[in-house]
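Student: only geometry, no sequence info:
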């Protein structure tokens, strides 16, 4: 599972994800917790999938310029766009 997957989300966020991250049991565990109704684990899943630097970039991308607040709903929306990207299905 070598290589990098480049994703451009419909929201305009771009990220490079190591292909090896898709074979991470901890990532799968976090996503299962999200499926079980604990949506807060989606941020931990994003960290496992993208790494700290890209997660920080995502938060900055989602931050409201006027308030300085990073809306959780916007972060979750972009994370789902990443997880649903056709590039991850290949």
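Tutor: Here it is on my side, so go on. Worth saying up front: this structure is predicted, and the values here are computed from it rather than measured.
Student: helices of the protein, start to end?
Tutor: Listed in chain order, the helices of the chain (DSSP state H) span residues 25-35, 41-50, 52-62, 72-83.
Student: now these in TSV, with mean pLDDT, distance to residue 3 and mean neighbour count?
Tutor: (C-beta placed from N, C-alpha, C; glycine too.) Listed next are those as TSV, based on pLDDT from 0 to 100; distance: least, Cβ to Cβ, whole Å; neighbours: other Cβ atoms under 10 Å:
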stretch	mean pLDDT	distance to residue 3	mean neighbour count
helix 25-35	96	17	14
helix 41-50	94	15	20
helix 52-62	96	16	15
helix 72-83	94	17	16
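Student: which one of those lies closest to residue 19?
Tutor: Using Cβ to Cβ as the criterion, the shortest distance between residue 19 and the helices of the chain is 11.1 Å, found for helix 41-50.
Student: report the angle between the closest one and helix 72-83.
Tutor: 40 degrees (axes from the mean of the first three to the mean of the last three Cα atoms, to 10 degrees).
Student: list the contacts for residue 55?
Tutor: Listed by Cβ atoms under 8 Å, 6 or more residues apart in numbering, the contact partners of residue 55 are 43, 46-47.
Student: from residue 71, how far out is it?
Tutor: Noted for residue 55: a distance of 15 Å to residue 71, by Cβ to Cβ, to the nearest Å.
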